[in-house]
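Novice: I need the structure of the sequence given here:
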Amino acid sequence: MTEFSEKLPNNTFLLIHIPKTAGTSFRSQIEKKLKCIFEYGADPKTSPLVHETIDKGDLTSFVKSFKSEGFEAVYGHFEIAKYQPIVDDTTKFATFLRHPIQRSISNYEHFRRHYGYDKSMEEFFSNPHFSNQQSKALEGIELDQLFFIGITERYSDSIKLFNKLTNLEIKDVKINDNPQKKVDEQYSLDYQSLKLIESKNQKDLDLYCKAQSIFEKRFAEIM
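Specialist: Coordinates of the predicted model:
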């Protein structure tokens, strides 16, 4: 990995928004408290600076602009490894994780609603891109090195923990992307579909189990 002399400022937040984990709800409040750079690929939400620097592999110019313009956080759909060359020991990595079965079904339904996906669930999960997405996003860092791990199923408690750690006092607001389901409502599916998703997401299932343990321990100690 190339070493860069330019690093993000001390205590910069790197907020990894894994799809379908309540990241949109979290972002809606974070952006009220921190000056953020957003990275969402081709989506219009992506900050121009990302296209001008990161997308061209120019991390040095990105850091210089990040500092000069007073940004405090990077938030979006990206993998930690992308920013590893410009972080340091003070960088505050944060993310939400969701039970892989529920997250996977939610992602499938999202693609059906918004992108007209009309193939079967089996075909969807046979695409490696849609399997173990949580593990891929956090590859390169141990879970206990993350400054904050939120659990989607414990969203309100997660917000309380985040506020305790940061004193940012963000609000507990839930934005529902699927109007046909309540925010906390679980998806149900048949045995065959369940086993299919499990078989394609074993790394995420293991990761989620570890994340739950870390969250419960931190919540008990800090709250």
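
Novice: residues of the helix or strand of the chain with the lowest mean pLDDT that come out buried?
Specialist: Across the helices and strands of the chain, the lowest-confidence element by mean pLDDT, DSSP states H and E is helix 121-126, at a mean of 87. In terms of neighbour count (16 or more other C-beta atoms under 10 Å), helix 121-126 has its buried residues at 121, 124-125. Placement of C-beta: from N, CA and C, glycine included.

Novice: So residue 150: helix, strand or coil?
Specialist: In terms of secondary structure, residue 150 is strand; the call rests on DSSP: H, G, I helix; E, B strand; the rest coil.

Novice: contacting residues around the residue nearest to it when sequence neighbours are not counted?
Specialist: Closest residue to residue 150 apart from its sequence neighbours, by C-beta to C-beta, 6 or more residues apart in numbering: residue 158 at 3.4 Å. Contacts of residue 158 were listed using C-beta atoms under 8 Å, 6 or more residues apart in numbering, and they are 96, 150-152, 215.

Novice: What's the end-to-end length of stretch 153-173?
Specialist: Terminal residues of stretch 153-173 lie 14 Å apart, using C-alpha to C-alpha, to the nearest Å.

Novice: As CSV, the buried residues of helix 121-126 with distance to residue 43 would be great.
Specialist: Shown next, in CSV, are those (distance: C-beta to C-beta, whole Å):
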residue, distance to residue 43
121, 25
124, 21
125, 23
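
Novice: Contacts for stretch 207-223 next, please.
Specialist: Here stretch 207-223 has contacts from 97-100, 134-135, 138, 143-144, 149-151, 154, 157-158, 160-161, 164-165, using C-beta under 8 Å, 6+ apart.

Novice: ranges for the strands of the protein?
Specialist: 13-16, 36-39, 73-76, 92-97, 148-151 (DSSP state E).

Novice: Any idea which of those strands gets closest to residue 117?
Specialist: Of all the strands of the chain, the one in closest proximity to residue 117, counting by C-beta to C-beta, is strand 73-76 (22.2 Å).
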